[in-house]
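> show me the folded form of this:
(one chain, ligands or ions: 1)
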Amino acid sequence: MRALVLAPESCTAAVQEVPTPNASTNEIIVRVHAVALNPVDALYTFNPLAPPTADPANLRVVGSDFAGVVTKLGPDVPSHVKVNDRVAGFLQGASSVNFRPGAFAEFVVVPWDLIWKIPESMSFEEASGISLCGLTAAQALFGQNRLGVTAPWYVQPEPELSIENKKESRRTLLIYGASTSVGIYTAQLLRHTKEKFRLVGVASSKHFQWLSDQPYAYDHLVDYRSDWVGEVRKLTDSGGLDLAFDCISEGKTVESISELMEPQGRLAVVRSLQGGAWKSAGKLPIQPSYGAVWEGLGKEVVYKGMHLPANAEARAFAVDFYQWLSNQGDPVLKPHAIRMMPGGLERIVDDGFQLLGSGLMTDRVGGRTEDWMRPVTAEKLVYRTD
Ligand SMILES: NC(=O)c1ccc[n+]([C@@H]2O[C@H](COP(=O)([O-])OP(=O)(O)OC[C@H]3O[C@@H](n4cnc5c(N)ncnc54)[C@H](OP(=O)(O)O)[C@@H]3O)[C@@H](O)[C@H]2O)c1
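Next up, the predicted model:
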């Protein structure tokens, strides 16, 4: 099959023929029809984690998010999973020092329980962008050592509140980077919970209209190019933020948000301090919690300077989340807007990865004149693979 393979010696990737995978116990083969790009795919192609290898068995296929059709079932896959099911999921590709399969290929092999069934009304292209960022949002929002909100798929007793108390008791949650893919799924997931939050978002003002509407329904929006710290502080004058998710976590954002929190507040971030995207001058008033979405795959993850052991609990959480997404009625999450990129796997490095840059939001530079090379703004870059 054709796949986009990492070329670590030249910090790039190129399409080449590789062996088509086989399904082992509890695995399925998916014919990939669409893939969505994440910043991490470009980051670890331009800054490879693993050393070059001449061993064809260890070629690293890059890429995370995919959507397609089940073509083969391995042994012991339960009977409710069927050939021709439309499914989506994510893989780790080259985003670990350890060898991991990647998604930017004609076929992928995945465990049957780490995919979700795409509702009929959703296209492969739309579905392809949900798996990684949706799970990132769910982990941050519902993780017990993260923001600790109760997930909508876990049964919970109704809070016993009088009508008068309900408004006053609403906790305030800030999403910094409300127009990011991670941010749009976080807001939607929050609106699925039984607890009613006061939701504050920081994004460009050009996005305020749609972020105010369902399914996000922000109560307050502040422009990140304004004095957003002052604006948020005014909104929380009776105390600080109860919860916050920094979906950018670059430069001074983590430090600034930390100072806006109430003393018992909880702050989740998308980038680790060790990764170097953000810094703090001293000890932060609130220590942020970081998580890597890959933990959901239940395998050990090794980055440069960081080791995350295999985490069975994180895997079980991902399985529950994907089961919840598999609702075959109306989709439970509205997909992010997509930009269909021309060409297939061959164009990903030269176009899509160029748009995402090599790590930081501030590295995303323009300079190309084709219409599809305009800056990425509140949308997912998607390629067809057939
Ligand atoms: N820890 C994990 O496991 C994990 C998982 C997924 C993603 N991530 C990380 O999370 C971050 C977000 O990823 P994503 O895919 O959701 O991003 P994305 O969708 O590509 O984000 C693009 C959006 O970010 C907005 N933006 C850029 N700089 C901003 C700033 N300083 N303040 C507020 N908004 C800003 C842009 O606004 P405009 O429209 O105004 O240009 C644009 O709408 C990335 O760093 C990614 O690597 C981490």
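
> give me every residue in this structure lying close to the ligand.
Residues of the chain lying close to the ligand by C-beta under 6 Å from any ligand atom are 38-40, 132-133, 136, 177, 179-182, 202-204, 224, 247-248, 270-271, 292-293, 361, 376-378. Every residue, glycine included, has its C-beta placed from N, CA and C.

> restricted to buried residues, select these in PyMOL.
To isolate the buried members of the residues of the chain next to the ligand in PyMOL, using 16 or more other C-beta atoms under 10 Å:
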select buried, resi 38+39+40+132+133+136+177+179+180+181+182+202+203+224+247+248+270+271+292+293+361+376+378
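
> from the residues of the chain next to the ligand, which land in helices?
Within the residues of the chain next to the ligand, membership in helices is found for 39, 40, 132, 133, 136, 181, 182, as judged by DSSP state H.

> including distance to residue 100, could those go into CSV?
Below are those laid out as CSV (distance: C-beta to C-beta, whole Å):
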residue, distance to residue 100
39, 18
40, 12
132, 13
133, 18
136, 17
181, 21
182, 21
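
> and of those residues, the nearest to residue 171?
Residue 171 has its nearest neighbour among these in residue 182, at 20.1 Å by C-beta to C-beta.

> list the contacts for that closest one?
Contact analysis of residue 182 by C-beta atoms under 8 Å, 6 or more residues apart in numbering lists 133, 136, 137, 140, 245, 247, 270.

> same question for residue 208.
Counting by C-beta under 8 Å, 6+ apart, residue 208 makes contact with residue 221.

> doesn't it lie inside a helix?
Yes - under DSSP: H, G, I helix; E, B strand; the rest coil, residue 208 falls within a helix.

> all strands of the stretch 151-300 of the chain, in order?
172-176, 198-203, 220-223, 241-246, 261-269, 289-290 (DSSP state E, counting those that start in this stretch).

> residues in contact with the first one?
The set of residues that contact strand 172-176 without belonging to it, under C-beta under 8 Å, 6+ apart, is 147, 183, 186-187, 190, 197-202, 224, 232, 235-236, 241-248, 253, 257, 260.

> now that strand and strand 198-203, what's the angle there?
For strand 172-176 against strand 198-203, the angle by axes from the mean of the first three to the mean of the last three C-alpha atoms, to 10 degrees is 10 degrees.

> between strand 172-176 and strand 261-269, how big is the angle?
40 degrees.

> chain center to strand 172-176, what's the gap?
Mean-position distance between strand 172-176 and its chain equals 17 Å (C-alpha atoms, centre = their mean, to the nearest Å).

> please produce a markdown table containing the ones in helices among the residues of the chain next to the ligand, extended by pLDDT and distance to residue 21.
As requested, these are exported to a markdown table (pLDDT from 0 to 100; distance: C-beta to C-beta, whole Å):
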| residue | pLDDT | distance to residue 21 |
| --- | --- | --- |
| 39 | 96 | 26 |
| 40 | 95 | 22 |
| 132 | 98 | 20 |
| 133 | 98 | 25 |
| 136 | 98 | 25 |
| 181 | 98 | 27 |
| 182 | 98 | 29 |
